[in-house]
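1. give the three-dimensional model of this entry:
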Amino acid sequence: MIPSTIFVIGDWLGTGIQGPWFSYIVSYQGTSLISAYSNLGYVTSGILSLKSAISILLWEAGTVLLAAATCLLLYEHAKRSTRHRVPGLLTILAGIAMLASLVQQYGPLLNGPAGFAIPVGLPLVFVVGWWVYRYEAVDASPVDEGGEGTGEREPEPAQEG
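-> The predicted model follows:
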């Protein structure tokens, strides 16, 4: 839910923040809160240029991947899975799609004629994705006295001869 990007439109014609599910824009034309659903409506109606439409589709693909990763992670957590590689990969792919969206709109340096963007939350998406991918739960089964359940064997008593 944290904003992923702070952006400026053109030559300071407007500013805004963008998260996975919304964009909040303040411009000379007024203030707008645009949902992901509305953004897709702008794409399908042909209101936006091809460059902006591709950017929005990449961003929304990242949003869908992030939602899928979250749902899959909750499912795996509920069934007590110890590995979460797929949700981690989906989260990283979501970050890549969102970063590609910004590059599509603003250029490779995230600065161009369309304005500029500062991806403040996207590094967190990559870090969380890597952390989830690498996560492996520790087995919390109780250990008996004497080493049973640890996989260790007790030394055999010395034989007198």
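2. quick one: buried residues of the helix or strand encompassing residue 123?
-> Per DSSP states H and E: residue 123 is located in helix 122-134. Buried residues in helix 122-134, counted by 16 or more other Cβ atoms under 10 Å: 122, 125-126, 128-129, 132-133. C-beta coordinates here come from the backbone N, C-alpha and C atoms, glycine included.
3. now these as CSV including distance to residue 97?
-> Below are those laid out as CSV (distance: Cβ to Cβ, whole Å):
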residue, distance to residue 97
122, 10
125, 10
126, 12
128, 15
129, 12
132, 17
133, 16
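4. nearest to residue 95, of those?
-> Nearest to residue 95, judged by Cβ to Cβ, of those is residue 125 at 3.9 Å.
5. pLDDT score for that closest one?
-> Residue 125 carries a pLDDT score of 94 in this model.
6. how is the closest residue to it other than its chain neighbours assigned, secondary-structure-wise?
-> Take residue 125 and drop its neighbours on the chain: the residue closest to it by Cβ to Cβ, 6 or more residues apart in numbering is residue 95, 3.9 Å away. Under DSSP: H, G, I helix; E, B strand; the rest coil, residue 95 falls in the helix class.
7. Provide a list of residues in contact with residue 95.
-> Residue 95 makes contacts with 62, 122, 125-126, 129, as judged by Cβ atoms under 8 Å, 6 or more residues apart in numbering.
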